[in-house]
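Chemist: Generate a structure from the sequence data that follows.
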Amino acid sequence: MTSLNVLANYSPHTLKTYINRDLSLLEFHKRVLAQAKDTEYPLLERLNFLIIFARNLDEFFEIRVASLMQQVELSSNNTSGPDGALLSEILTKISQLAHEAVEEQYKILNYNVLPQLQGHGVKFIQHADILEKHKEWIKDYFYTEVQPVVTPISLDPAHPFPRLANKSLNFIVTLEGKDAFGRQIDLAIVPAPRSLPRLVKLPIKISGEAEHYILLSAIIQQHIHELFPGMTTTGCYQFRVTRNADLTVSEDVEDLAIALKGELSSRRFGRAVRLEVNKNCPENIAHYLLEKFDLDQEQLYRVDGPVNLVRFISNFNLPELRFPSYIQKLPKALYTKKSIFDVLKTEDVLLHHPFHSFAPVIKLLREAARDPHVLAIKQTLYRSGADSEIVQVLAEAARNGKEVTAVIELRARFDEESNIEVANVLQEAGAVVVYGIVGYKTHAKMILIVRREMDKIKRYVHLGTGNYHSTNAKMYTDYGLLTSDADICEDVHKIFQELTGMGKMVKLKKLFHAPFTLHSQLLELIEHEIENSKAGKKAQIIIKVNALTEPQLIHALYKASQAGVQIDLIVRSICCLRPQVAGLSDNIRVRSIVGRYLEHTRVYYFYNNGESKLYCASADWMGRNLFSRIETCFPIEDKKLRKQILEDGLNNYLKDNRRAWELRADGSWIQCQPSHGKAVYIAQQQLLNYTA
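Modeler: The predicted structure is shown next:
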């Protein structure tokens, strides 16, 4: 048993009470996969969870596994971090867990989801499913759509193994005979054209009223011999390689946008980290591919079906197999014909997405763009497409003569190219575009509007926990605060000055911000709860974040637990803290909610001897958020709104007994079930029922 005094002798960097972050992240992906088995979900939503799992696993290999492999190859330090595990051991464990998860994924697909979908008239035709009635249509589609764009590549001294793009669908073909030049060719590669859809809907004359789709891979396999006239194809096997997709840009670059453009093309051809082949691929062919990609058996995944489920999606016309549609509401304060500016002069407004509409944020910007009294608009953009309404409204404001400043984070992973387009659109409209601080991602979510009222300057602010992305606001849970509080507005103004200008760290009145004050202030807030508990007072902490990995904060929470502070952590994905360890973390409970919406809110609650303090933030409790990003943490000062977040955003989730998973001391997660005689309680459903 570890006492508080013994714990104090440990450095947070060497304490052996941390869960490995990569294994914890993989456990989250497994929780997502488990949703695909849940018969309470509509069928197409279960298929969607399989697709989300596939997409998550792709990124896990592209970023996390790639990083571990790179560290093993380049570093003499072979440990993974605070948990102290050997990198090689972590990679082996990841391989074991990932192989088990992928096998489970295809079992759910083949023996559960697809058969049930077929019962509803939705069928996905793979090569083995092709019937005589399909063949003529497939032949016509192949000759008119596929053959003109496909490029078979023979493997011989003049045609070495091609450079295949990250996650592209390919076929390796075994051949017999000689080609037109008399060459004996044994192998060829056929990349599937990326310009063609992976699912092709069959016409009604063949499928009837049913929704029947044929996979592009089946069409190619059916007519693979047509690509090698005069030769005999003896085998055709799907495969897909996953590559390192992380980008590295030097801090010494003169123009970040130009540097990123140069790096984006390299993402498609990074070091291979995973090879997927169909389960019928012969051992000698799989071994050949492993050699070509410099991988070993641990990185080979044999799958019982299509090698890319991410492309296994279409606009199915079956609403009964989807979640019931939900009409997003507005906060009561906005059920008015008044201008948002007039509303915010008298009260703060809280938005809780997706239960509340994202429309008020766009309306605020649109009013500002067209209001002759508005002088300036400043906004951070992390993930927003060039065609998004927000970007178009900002461009309109710039064309209307407003001083528009956009701080665009070009390095938002996998959205770099889109963000460069956003920057171009805004610059062409006359906005000032800056890319934040080199070496620090701008992850804060802020809008500042400067308005002249009665010959005085008045500011209005929106602060959020999520990105300015209207589609995400329908799928992710996030909070947004609209306010005209003078101190908060002044703080946001100073942060924008910090981002666009130069100078020393600014002193803020109400906001905490990373990489400067947020980490230290969180440690102080935890310490204050410790002092209250030691004084015999009630002490409580509730934290809701996407990830918890930062060792000093984990160390502080262990210390608080040992002092008697009651701690509830609602952590969506990675949690390196080990709860419920006797003498160390007895008073800490950790849960994760996985449901219809992706949990994304970041809320920090401290009981504070009855004078509660509650903050929303853009930051997770990770080292990168606290030390390598520009983040904001803002207080909720209105008592009514603070109570609303405590009840809806925290206590509500602590009551969930169906979509919640609890973390055990050994690092495993167990799904909650209602105790005997107790009603099912689903937090997200409660919010759908009554949010107003």
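
Chemist: how about this structure, which residue sits the furthest from its center?
Modeler: Here the chain reaches farthest from its C-alpha mean at G182, the gap being 51.8 Å by Cα atoms, centre = their mean.

Chemist: per-residue confidence at that residue?
Modeler: pLDDT recorded at G182 is 71.

Chemist: which SS state does it fall under?
Modeler: Following DSSP: H, G, I helix; E, B strand; the rest coil, we place G182 in the coil state.

Chemist: That one: what's it in contact with?
Modeler: Under the criterion of Cβ atoms under 8 Å, 6 or more residues apart in numbering, G182 has no neighbours. Any C-beta I mention is one placed from the backbone N, CA and C, and that applies to glycine too.

Chemist: Then F312?
Modeler: F312 touches L47, L50, I51, A54, F124, R198, L199, P306, counting by Cβ under 8 Å, 6+ apart.

Chemist: Which strand residues bridge the fifth one?
Modeler: Right, F124. Here F124 sits in beta bridges with Y213, going by DSSP bridges.

Chemist: do you know how far it is from L164?
Modeler: Using Cβ to Cβ, to the nearest Å, one gets 25 Å for the distance from F124 to L164.

Chemist: Just the strands from the stretch 551-692 of the chain, written as ranges.
Modeler: Applying DSSP state E, counting those that start in this stretch to the stretch 551-692 of the chain gives strands spanning 566-571, 588-593, 598-599, 603-606, 613-617, 629-635, 660-663, 669-671.

Chemist: Out of the ones you listed, flag the one nearest V422.
Modeler: strand 629-635 (17.7 Å; Cβ to Cβ).

Chemist: Direction included, what does that closest one pair against?
Modeler: Take DSSP bridges as the rule and strand 629-635 pairs in its sheet with strand 441-442 (parallel), strand 512-514 (antiparallel), strand 613-617 (antiparallel).

Chemist: so what's L463 up against?
Modeler: Applying Cβ under 8 Å, 6+ apart, one finds that L463 lies in contact with K445, M446, G480, L481, T483, I488, V492, C616, T632, F634.

Chemist: one more time with 6 Å, if that's ok
Modeler: Taking Cβ atoms under 6 Å, 6 or more residues apart in numbering, we find L463 in contact with M446, L481, F634.

Chemist: So it versus V407, what's the distance?
Modeler: Distance, L463 to V407, by Cβ to Cβ: 14 Å.

Chemist: From the contacts of F312, which land in strands?
Modeler: Counting by DSSP state E, the contacts of F312 place F124, L199 in strands.

Chemist: among the contacts of F312, which ones are buried?
Modeler: Buried by 16 or more other Cβ atoms under 10 Å: L47, L50, A54, F124, R198, P306, out of the contacts of F312.

Chemist: Quick one: these as a markdown table, columns for distance to K474 and pLDDT too.
Modeler: Output for the buried ones among the contacts of F312, formatted as a markdown table (distance: Cβ to Cβ, whole Å; pLDDT from 0 to 100):
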| residue | distance to K474 | pLDDT |
| --- | --- | --- |
| L47 | 19 | 96 |
| L50 | 21 | 97 |
| A54 | 21 | 97 |
| F124 | 27 | 91 |
| R198 | 25 | 91 |
| P306 | 28 | 92 |
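
Chemist: Return the member of the residues you listed nearest to Q96.
Modeler: Nearest to Q96 out of those is A54 (Cβ to Cβ; 18.8 Å).
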